[in-house]
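K.L.:
Attaching a predicted model along with its sequence, questions to come.
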Amino acid sequence: MSHDVRKWLVRVVVVGYLGALVGLPVGFLFDKALASGLHAFWLEVTKPDALAALRLSAEVAVVAVPVNTVVGIAAAVLLARRKFFGSRALTTLFDVPVAVSPIIIGVALVLAYSRIGWFGAWLTTHGVKILFSPVGIAMATMAVSLPYVLRSVLPVLEEVGRDQEQAARTLGAGGLRIFFQVTLPAIRWGVLYGVTLTIARTLGEFGAVLIVSGNISGRTQTLPIYIFDSWDQNYDFLGAFAGALVLATISIVALVILSTLRSRERKLHVDLA
Amino acid sequence: MSISLSHLTKRYGSNVVVDDVSVEIPEGSLTAVLGPSGSGKSTLLKLISGLETLDQGRVVIEGDDVTNVDPRHRDIGFCFQHYAPFRHMTVSRNIAFGLRVRKQPRDVIAAKVAELLALVKLENKANAYPAQLSGGERQRMALARALAIEPRVLLLDEPFGALDALVRTELRQWVKELHQQIKVTTVLVTHDQGEAMEVADQLLIMHQGRIEQDGHPTDIYERPATEFVQGFLGPTTIFKGSAVRPHALELEGPGAGAIEGAVTSIVELGFEVQVTVLLSDGSMPWVQLSRNEYAALGVGVGSRISIRERD
């Protein structure tokens, strides 16, 4: 086989594979959601239950993404800059929520916080309600999107090394200044990448949230659960397609923004060899 | 004395990297810490700067005991082996960093940065990013950044290690001139004895975490205190049972009354020629000759020859 033929074959296989798994399904989604026209689509996404779901998803993301970003960066700095007893175990602990099925996270949260659980009884007597409430949904979401920032930032931190931070220190800079003026700019792409993945996972989480939310339409339904409900319980296919299209668009836009920023940055600063 | 180190010791686990080092570094000197890799020389530099914490000993800079002072308050200019530029800042911003930390007024910072850019000849790169600089330019930027805070001592870790040969020679000379100009006490770490001999006015030879010898480069070269120092500073050969410099030997035709032997190999290296001689006791010293001396001698492999130490 000539080199050219092989090159084309590889391309066809890769494009075909991506097309079958990603391109075609998403394409169909767009087609079906907009098949009855933009007006019908608009009516679907502005239904009260759909809007409530969209709002709850947004609220959860507004809490979960910043918290997990701060926790992820702090843990990455700690793990990369200080080797301590148990640091390996800590890294592994961060991975547990994505290593196990989300259903397990949901079930475990229910076990811990229901009335029969370890904290549940105490919390119930003190009037704190975690299950079947936005608080529980936020907790489940934070759990399943826990490691993304850490995992994106840690290798960047290790690659960048400590030299710049030490140089800043000998020049008189304190810890906060070093973090904000030296460390954070050096790891910013890792952070952005991790945040993008966290947003995608936060908006998309289904299994863990389904278990802890109780699936009360209009109150504890996030967008993915609303889509599932429309599809499976109400046979409202247009509603499901419309919701799915909104969800897919948000994620695709986030990825496009990230890659555009990144390529522009590359043009400005060629990486140091 | 500008830097006074007493009984510095640093261990990593059971491995003693710096072993009870005591030394005085004179004010305004350019001192080279010379040693093979793993001799503890870079660690010694980090101990002076405070970037590594020491297990024992004291560091005194210009009379102040800074042993327990954080590196940010030691007023030290530190240049890293790979320069550690702040990659997301322009050259000017890099140089201004220490001044901004010190909350200097804007116009003072601007004037100081302009002055330093001129000093390190990077005026036309003020707004470039480190990625757009050559290795030598990055090194000069790192020097300017360290000098901006007017440090009491300047510490350079393998300053020329990452540069190609031509730039390295140029930059060595430049650093030497720069030091004569600004006279700040400078300690540089290197594993290259040629570099150390050329640049420094003081040498510290380190080996296995200890200082083997310190003093003026020429004195150390001529009167090495230990076999290690002698071997490390230049080539040696064994003549009459002791190590000597190969250029301290000379060759003459046979019958000159000295020890005789036969030439076993000749290596011509441009101006230098290395002649190895087999003596009757079985030893094989080699002699370093200039091309002219070699031509005047007129020998080939197998020739009988006599060998002795130069007067």
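P.N.:
Structure received.
K.L.:
Let me know the pLDDT of residue 157.
P.N.:
Assuming you mean chain A. Listed pLDDT for residue A:157 reads 94.
K.L.:
my bad, the chain I had in mind was chain B
P.N.:
pLDDT, residue B:157: 95.
K.L.:
What parts of the stretch 101-250 of chain B come near chain A?
P.N.:
Residues of the stretch 101-250 of chain B found near chain A (Cβ under 8 Å from any Cβ of the partner chain) are B:101-102, B:129-132, B:142, B:145-146, B:148-149. For glycine as for every other residue, the C-beta is placed from the backbone atoms N, C-alpha and C.
K.L.:
make it 10 Å
P.N.:
In this structure, the stretch 101-250 of chain B approaches chain A at residues B:101-102, B:129-133, B:135, B:138, B:142, B:145-146, B:148-149, B:151, B:155, B:157, judged by Cβ under 10 Å from any Cβ of the partner chain.
K.L.:
Filter those down to just the ones in strands.
P.N.:
B:155, B:157 (DSSP state E).
K.L.:
just the buried members of the residues of the stretch 101-250 of chain B next to chain A?
P.N.:
Among these, those buried by neighbour count (16 or more other Cβ atoms under 10 Å in any protein chain shown) are B:101, B:129-130, B:132-133, B:135, B:138, B:142, B:145-146, B:148-149, B:151, B:155, B:157.
K.L.:
Out of the residues you listed, which comes closest to chain A?
P.N.:
Each of these was scored against chain A by Cβ to the nearest Cβ, and residue B:101 proved nearest at 4.3 Å.
K.L.:
Of the residues of the stretch 101-250 of chain B next to chain A, which belong to helices?
P.N.:
Of those, the ones assigned to helices by DSSP state H are B:101, B:135, B:138, B:142, B:145-146.
K.L.:
In CSV, list those along with distance to residue B:52 and pLDDT.
P.N.:
Shown next, in CSV, are these (distance: Cβ to Cβ, whole Å; pLDDT from 0 to 100):
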residue, distance to residue B:52, pLDDT
B:101, 22, 96
B:135, 26, 90
B:138, 24, 94
B:142, 19, 96
B:145, 21, 97
B:146, 18, 96
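K.L.:
can you name the two of these that are farthest apart?
P.N.:
B:101 and B:135 (26.5 Å; Cβ to Cβ).
K.L.:
Quick check: the gap between the residue nearest to the spatial centre of chain B and residue B:45.
P.N.:
Residue closest to the average C-alpha location in chain B (Cα atoms, centre = their mean): residue B:196, at 3.2 Å. In this view, residue B:196 and residue B:45 are 14 Å apart by Cβ to Cβ, to the nearest Å.
K.L.:
list residues touching both of these two?
P.N.:
Between them, residue B:196 and residue B:45 share these contacting residues under Cβ atoms under 10 Å, 6 or more residues apart in numbering or on different chains: B:33, B:188-189.
K.L.:
If you rank the residues you listed by neighbours, which is first?
P.N.:
Using other Cβ atoms under 10 Å in any protein chain shown as the neighbour test, these are led by residue B:33, with 31 neighbours.
K.L.:
Which strands border the helix or strand containing that residue, and is each parallel or antiparallel?
P.N.:
Per DSSP states H and E: residue B:33 is located in strand B:30-34. Using DSSP bridges, the strands paired with strand B:30-34 are strand B:185-190 (parallel), strand B:202-207 (parallel).
K.L.:
In terms of pLDDT, where does residue B:165 sit?
P.N.:
82.
K.L.:
burial count for the nearest residue to residue B:117 once chain neighbours are set aside?
P.N.:
Of all residues not flanking residue B:117 in the chain, residue B:123 sits nearest, at 4.9 Å (Cβ to Cβ, 6 or more residues apart in numbering or on different chains). The number of residues packed near residue B:123 is 11, by other Cβ under 10 Å.
K.L.:
for residue B:96, helix, strand, or coil?
P.N.:
The three-state assignment at residue B:96 reads helix, by DSSP: H, G, I helix; E, B strand; the rest coil.
K.L.:
which residues touch it?
P.N.:
Residue B:96 makes contacts with B:89-90, B:104, B:106, B:109-110, B:112-113, B:116, B:145, B:148, as judged by Cβ under 10 Å, 6+ apart.
K.L.:
Give me the distance between it and chain A.
P.N.:
Residue B:96 sits 10 Å away from chain A, going by Cβ to the nearest Cβ, to the nearest Å.
K.L.:
From the contact counts, what lies against the helix or strand hosting residue A:30?
P.N.:
According to DSSP H and E, residue A:30 maps onto helix A:24-33. Judged by 3 or more Cβ pairs under 10 Å, 6 or more residues apart in numbering or on different chains; DSSP states H and E, the packing partners of helix A:24-33 are helix A:38-45, helix A:237-268.
K.L.:
Could you say which of the ones you listed is packed most deeply?
P.N.:
Ranked by mean neighbour count, the helices and strands packed on helix A:24-33 are led by helix A:237-268 with a mean of 16 (mean count of other Cβ atoms under 10 Å in any protein chain shown).
K.L.:
now the angle from it to helix A:24-33?
P.N.:
In terms of direction (axes from the mean of the first three to the mean of the last three Cα atoms, to 10 degrees), helix A:237-268 departs from helix A:24-33 by 130 degrees.
K.L.:
number of nearby residues for residue 26?
P.N.:
Just going to use chain A. Residue neighbour count, defined by other Cβ under 10 Å, stands at 15 for residue A:26.
K.L.:
that's the other chain; I wanted chain B
P.N.:
Number of residues near residue B:26 (other Cβ under 10 Å) recorded here: 12.
K.L.:
cool, and residue A:227?
P.N.:
Based on other Cβ under 10 Å, the number of other residues close to residue A:227 is 24.
K.L.:
Pull up the per-residue confidence for the closest residue in space to it that isn't next to it in sequence.
P.N.:
Leaving aside its chain neighbours, residue A:227 sits nearest to residue A:243 (4.2 Å; criterion: Cβ to Cβ, 6+ apart). Looking at residue A:243, its pLDDT is 91.
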